[in-house]
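1. mind looking at a prediction? Sequence and model below.
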Amino acid sequence: MSEKKGIIFDMDGTVWDSSENVAKSWTVKVKEAGFDKVVTREDIQSVMGKPMDVIADTLFTYTKKGKQRNALREACETYENEYLREHGGILYPKLVETWEKLKKQGYHLYIVSNCQAGYVEAFLEHYGIAWGTPDCLIEDIECYGNNFLQKDENIKLVCERNNLDKACYVGDIQSDYDATTKAGLPFIHATYGFGTINTETAKINKFSDLPKTVKEVLK
């Protein structure tokens, strides 16, 4: 029986850059809440990959910690999903084509992110990417907003419930690498993303490099 090999993907800085449209959507809700503040693309990129409560504590320092900050965060999360479902973000070049190639080569594809519930679905729905069954391009997804588990736990959860014999994680920042190592999997660094890694690891300089790199990582 052949081994079941999975590739698990981070979202932001790995498969797309949604920071500009996230910033636009958040600014709407910040102003509606009565704050004369603008959330910038650079603000969003500086916190990409962190859980939403941490992001709120970092960016919404002008709010009262607790009920007020949580209410603004929840409003931003909800509207962000709606906005991205309509407007999308910037896909990295040859993303879907590369996923299709990997699928044809027998790899099983998944997404695990620290995002809020509904974010991954908004991405998939905007681009019409089928997901949720073994026949789909993306077979399973998980995120912090669904179960409040840390990324390493969600990586392991996806591996276990999909009965993977071998798997790797593709991400762009140090916390992605740390979570992958904690989960006991090999890591592939998307160097075109938002961060650097403090150790030598497998890497891709563009998304279309992945089929060649993953063949070595999961051999």
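-> Received it, and whenever you're ready, just let me know what you need. Treat the numbers as computed from the prediction; the structure is a model and nothing was measured.
2. and the longest helix seen in the chain, how far from the chain's centre?
-> When the chain is parsed with DSSP state H, its longest helix is helix 67-87. Put simply, helix 67-87 sits 17 Å off its chain's centre (C-alpha atoms, centre = their mean, to the nearest Å).
3. now do the helix or strand following that helix, average pLDDT.
-> Next in sequence after helix 67-87, counting helices and strands by DSSP states H and E, comes strand 90-91. On average, the pLDDT along strand 90-91 is 97.
4. and strand 90-91, what does it pack onto?
-> Judged by 3 or more C-beta pairs under 8 Å, 6 or more residues apart in numbering; DSSP states H and E, the packing partners of strand 90-91 are strand 16-17. Just so you know, the C-beta spots here come from the backbone N, C-alpha and C atoms, and that holds for glycine as well.
5. packing partners for the strand it packs on?
-> strand 90-91.
6. try it again with 10 Å
-> The contact analysis (3 or more C-beta pairs under 10 Å, 6 or more residues apart in numbering; DSSP states H and E) places strand 16-17 against helix 41-47, strand 90-91, helix 119-127.
7. what strands flank the helix or strand just after the last one, and is each parallel or antiparallel?
-> Spelled out, that is helix 119-127. For helix 119-127, the succeeding helix or strand toward the C-terminus, using DSSP H and E, is strand 140-143. According to DSSP bridges, strand 140-143 forms sheet pairs with strand 108-113 (parallel).
8. the strand it pairs with: how far from the chain's middle?
-> Relative to the centre of its chain, strand 108-113 is centred 9 Å away, using C-alpha atoms, centre = their mean.
9. next, the angle helix 119-127 makes with that strand.
-> Interaxial angle, strand 108-113 versus helix 119-127 (axes from the mean of the first three to the mean of the last three C-alpha atoms, to 10 degrees): 120 degrees.
10. how is the chain divided into domains?
-> 5-17+91-217, 19-87 (automatic domain parsing).
11. mind giving me CSV with the ones you listed and columns for mean neighbour count?
-> Below are the domains of the chain laid out as CSV (neighbours: other C-beta atoms under 10 Å):
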stretch, mean neighbour count
domain 5-17+91-217, 18
domain 19-87, 17
